[in-house]
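>>> From the sequence below, what's the structure:
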Amino acid sequence: MTSHLQSYMAEDAHAAERAQMSALVIDPSITHDQFAAEVRAIRRAHRGTSLGTIEIAAFNSSAQIVLAGTRAAIHHTAHLLHEKGMAYHAADIPCWTAFHTRSQIPAEAGMKVALAHPSIQVKAPSKPVVSCLDGEVLSTPEEIKSALVSQISRPVRWTTALDTLRSQLGAREFVFVGGKALANLAKRETERGNWGEVPEQKEGEKQDWGIYCASTEQDLQAVRARFGKK
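I've put the predicted structure just below:
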């Protein structure tokens, strides 16, 4: 594991030390477990070389994975995955470092200190809160704090969290706050049939999953109007 990652913006840094995160489009027929096993095998194979480190930072959909580590290792891994027909390099993500990887473990201590400060009060949630760490529903302040700390150095299991919202909590409509990327990925999942049909539909009426994006003030106004919020 590389312990001295330099910023993605450090163009003069060696590729084995320059941090990078990259989104890969993967074959949807390949499970996340299979893909993760392949990345681990590639990492083991180049351990001890000058390529640096590689890990999965996020599972965003059945067709998108985010890799994080060093620039050299990511390019090498993406090339091997492409040769095997498993994935291809879609886009680099501008970032300061390789977030959600083991290289971030030292930052966990800082988060623990911050969460312990008297000015930070974490209360029991009044609505279900689902962790992207493992898709579990968090119900106590202690669980929320623990998940916030652990998520720093572990992959974001976004698809698992969405599965929990749908299958366990009965969510039918989703509002994605921020950019449109995750909302678009969710829409594609419904188009692939990965979410199935919306349960409890009215007889004779076809109901679609409600997926909304709130990335602009206009979007927010539309969402407020949809849900009757001022």
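
>>> Going by C-alpha atoms from here, please, whenever you check contacts or count neighbours.
Fine.

>>> residue ranges of the helices in this protein, please?
Counting by DSSP state H, the segments of the chain that form helices are 32-45, 71-83, 105-116, 141-151, 158-167, 181-191, 217-227.

>>> among those, which is nearest Q20?
helix 71-83 (5.2 Å; C-alpha to C-alpha).

>>> ok, residues contacting the closest one?
By C-alpha atoms under 8 Å, 6 or more residues apart in numbering, the list of residues contacting helix 71-83 from outside reads 15-22, 24, 39, 42, 51-54, 67-68, 87-89.

>>> Extract the CA atoms of it and return them as PDB.
Taking C-alpha atoms only, helix 71-83 is exported to PDB below (Å, rounded to 0.1, in the frame of the first residue of the first chain):
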ATOM      1  CA  ARG A  71      -2.600   6.600 -11.300                       C
ATOM      2  CA  ALA A  72      -0.300   3.900 -12.500                       C
ATOM      3  CA  ALA A  73      -2.100   1.100 -10.800                       C
ATOM      4  CA  ILE A  74      -5.500   2.300 -12.000                       C
ATOM      5  CA  HIS A  75      -4.400   2.500 -15.600                       C
ATOM      6  CA  HIS A  76      -2.800  -0.900 -15.400                       C
ATOM      7  CA  THR A  77      -5.900  -2.500 -13.700                       C
ATOM      8  CA  ALA A  78      -8.300  -0.800 -16.200                       C
ATOM      9  CA  HIS A  79      -6.300  -2.200 -19.100                       C
ATOM     10  CA  LEU A  80      -6.300  -5.700 -17.800                       C
ATOM     11  CA  LEU A  81     -10.100  -5.600 -17.100                       C
ATOM     12  CA  HIS A  82     -10.700  -4.200 -20.600                       C
ATOM     13  CA  GLU A  83      -8.700  -7.100 -22.100                       C
END
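
>>> Can you mark which positions in stretch 98-114 are buried?
Burial within stretch 98-114, assessed by neighbour count using 16 or more other C-alpha atoms under 10 Å, is assigned to A98, F99, H100, T101, R102, S103, Q104, I105, E108, M111.

>>> What of stretch 121-129?
Applying a neighbour-count criterion of 16+ other C-alpha under 10 Å, one finds V129 buried in stretch 121-129.

>>> CA-only coordinates of it, as PDB, when you get a sec.
Extracted as PDB, the C-alpha positions of stretch 121-129 are listed here (Å, rounded to 0.1, in the frame of the first residue of the first chain):
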ATOM      1  CA  GLN A 121     -24.400  16.500  18.700                       C
ATOM      2  CA  VAL A 122     -25.600  13.400  16.900                       C
ATOM      3  CA  LYS A 123     -29.100  12.400  17.900                       C
ATOM      4  CA  ALA A 124     -31.200   9.400  17.300                       C
ATOM      5  CA  PRO A 125     -32.700   9.800  13.800                       C
ATOM      6  CA  SER A 126     -36.400  10.500  13.500                       C
ATOM      7  CA  LYS A 127     -36.400   8.900  10.100                       C
ATOM      8  CA  PRO A 128     -34.600   5.800   8.900                       C
ATOM      9  CA  VAL A 129     -30.900   6.400   8.000                       C
END
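
>>> what's in contact with that stretch?
Contacting residues not belonging to stretch 121-129 are listed as L115, V137, L138, S139, T140, P141, I144, K145 [C-alpha under 8 Å, 6+ apart].

>>> for it, what is the average pLDDT?
When pLDDT is averaged along stretch 121-129, the result is 95.

>>> quick one: low-confidence parts of the protein?
Scanning the chain for pLDDT under 70 picks out the ranges 1-16, 200-206, 229-230.
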